[in-house]
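Q: Test case, fold it:
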Amino acid sequence: HLKITRLNDDYFIDALSEQFPTLVNDKVVKKETLHQGDKINIGKHTLFYSQLSKVSSNNNPEAASFSLDPQALTKRPNELGTGNLQAMNGTDIGLVVTLNKAVTEINIADTTPAIIAKRHDGYYLSRLTDDLIINIDGQPITDETKLDHDATVNIGSNKYLFFIE
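A: Residues are numbered from 1 along each chain as shown. Predicted coordinates for the structure are as follows:
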């Protein structure tokens, strides 16, 4: 979708696809110099540009209005604990699957209706199909949803318990 290049101390963003436009600060761009705090939209994803040396620079007026969460930068996925998914019904009742990959697919009868992604701030369930009803703690989800410890997950008629050790 895009390419970011560095020339001297500046970074540039180049849009590579007209089908999937790149937005910087809510404006479609082809090639643009990135500045501290710029909001970059790529499809459904939003990124914020930051350069640590510019954040700490007293000569940069933009640095005063932009702040980074130092804990978010240093927190590692291992500090979350290990996520697990336990089958609560069906032929695999009691089976515990350890979520030790960045992305774990939930497979049901030759389909993958959902995935669980491990991120720096937790585990997220994303639906991949609209064919099955997916609930977390009794609430239907339509988008990516963060999983809490001891959350109950229903995917169609399959029931799971998500927990962190």
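Q: Which parts of the chain are helices?
A: 52-55, 61-65, 70-74 (DSSP state H).
Q: Could you identify which of those helices has the lowest mean pLDDT?
A: Lowest mean pLDDT of those: helix 61-65, a mean of 43.
Q: Stretch 19-33: which residues count as buried?
A: Applying a neighbour-count criterion of 16 or more other C-beta atoms under 10 Å, one finds 21-22, 24, 29, 32 buried in stretch 19-33. All C-beta spots, glycine's among them, are computed from the backbone N, C-alpha and C.
Q: I'd like these laid out as JSON lines, including distance to Gln51 and pLDDT.
A: Shown next, in JSON lines, are those (distance: C-beta to C-beta, whole Å; pLDDT from 0 to 100):
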{"residue": "Pro21", "distance to Gln51": "24", "pLDDT": "85"}
{"residue": "Thr22", "distance to Gln51": "19", "pLDDT": "87"}
{"residue": "Val24", "distance to Gln51": "15", "pLDDT": "90"}
{"residue": "Val29", "distance to Gln51": "18", "pLDDT": "90"}
{"residue": "Glu32", "distance to Gln51": "15", "pLDDT": "90"}
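Q: Can you tell me which of those residues comes closest to Phe162?
A: The shortest approach to Phe162 among the buried residues of stretch 19-33 belongs to Thr22, at 34.7 Å (C-beta to C-beta).
Q: Distance of that closest one relative to Phe48?
A: Thr22 is 14 Å from Phe48, where distance means C-beta to C-beta, to the nearest Å.
Q: who's the residue sitting nearest the centre point of the chain bridged to?
A: Among the residues of the chain, Arg119 comes closest to the average C-alpha position under C-alpha atoms, centre = their mean, at 6.3 Å. Taking DSSP bridges, one obtains Gly122 as the residues bridged to Arg119.
Q: So it versus Leu7, what's the distance?
A: In terms of C-beta to C-beta, Arg119 sits 31 Å off from Leu7.
Q: Please parse the chain into its domains.
A: 2-68, 77-164 (automatic domain parsing).
Q: per-stretch mean pLDDT over those domains, give me the minimum one.
A: domain 2-68 (a mean of 75).
Q: Cheers, nothing more for now.
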